[in-house]
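Q: Please find the sequence and the predicted model below.
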Amino acid sequence: MITPIEIKVNLDGDVAAALRRLRCSDTAATARDIWFAEPLRPGSPGAPTLLSSRIVIRLRSGAQDDLTVKLRPCHAAQLTGRWAAPFTEPGIRYRIESDWSGGRRMLSASAISQRSPGSLRAAVAGGVDVTDTLNSAQRQFLVSCTPPGVAVDHLRAMGPVASARWTGLPVGNQHADVERWAVAGLDLVELSVKVTPRHGDSPVDLHLRALDAQRALEEALHALGITIAAGDTKTEQVLTALAGAPSRLNWR
């Protein structure tokens, strides 16, 4: 199986200036609020528990709601049975892809369920245990593909993160998605470009096209005077910040 490759670039420096140079104002943004599930209590020390176990549970609410259970990074050997290959069926969309950020290469697997608009916002406001919002397929995914000993229960939502997303913006000779996250003193922007397998592609073919796309994206950003950030992903930065900012958590 050849998996798609999603190339991600985090931006550094003046966020407002970068968005102007990317001409984000020319395209309407999709706004949503995002929460992440963790078993931490406010003030608990250390890294968020699920994130340190390479599990991300994300709730998004806006014109459309969805809940994602993601393993990142993961190993192909973890993805057993029906989870060894992507599929879509009623109630669940399952995808496997490679995430590239600078020199980092990670395999990720995500089980995504669509929800009615506003339903997840209402669940968070009501202080629901996020575990109760997972559907049966997402529970099965966690049981089948996570290491033994990882407790995925009694979860609460951390956030919200204010998200604005622009889709298909021209950056050099490519089209990128741009997402801005703001929470807990952070203001983060990430660009992403997806490289999908073509008919007849070998893994080497896809890898070389992804390298070309990554190089072209970085060169186009440099030409616009936009600085590329190094370090943690935006999800890692946000979860770490939220774990240390109890006043911003939705604990009930």
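A: On my side now, so go ahead.

Q: Tell me the helices and strands packed up against the strand ranked longest in the chain.
A: Looking across the chain with DSSP state E, the single longest strand is strand 156-171. Applying 3 or more CB pairs under 8 Å, 6 or more residues apart in numbering; DSSP states H and E, one finds that strand 156-171 contacts strand 30-38, helix 119-125, strand 174-183, helix 203-223, helix 234-243, strand 249-250. Every C-beta, even on glycine, is put in place using the N, C-alpha and C of the backbone.

Q: Make JSON lines from the ones you listed and add distance to Ala63, mean neighbour count and mean pLDDT to it.
A: Converted to JSON lines, these look like this (distance: least, CB to CB, whole Å; neighbours: other CB atoms under 10 Å; pLDDT from 0 to 100):
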{"stretch": "strand 30-38", "distance to Ala63": "7", "mean neighbour count": "21", "mean pLDDT": "96"}
{"stretch": "helix 119-125", "distance to Ala63": "12", "mean neighbour count": "18", "mean pLDDT": "96"}
{"stretch": "strand 174-183", "distance to Ala63": "16", "mean neighbour count": "19", "mean pLDDT": "96"}
{"stretch": "helix 203-223", "distance to Ala63": "28", "mean neighbour count": "15", "mean pLDDT": "97"}
{"stretch": "helix 234-243", "distance to Ala63": "22", "mean neighbour count": "20", "mean pLDDT": "88"}
{"stretch": "strand 249-250", "distance to Ala63": "21", "mean neighbour count": "18", "mean pLDDT": "39"}
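
Q: Distance to Phe87 for the ones you listed - can I get that in a markdown table?
A: Listed next are the helices and strands packed on strand 156-171 as a markdown table, based on distance: least, CB to CB, whole Å:
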| stretch | distance to Phe87 |
| --- | --- |
| strand 30-38 | 24 |
| helix 119-125 | 23 |
| strand 174-183 | 23 |
| helix 203-223 | 20 |
| helix 234-243 | 24 |
| strand 249-250 | 32 |
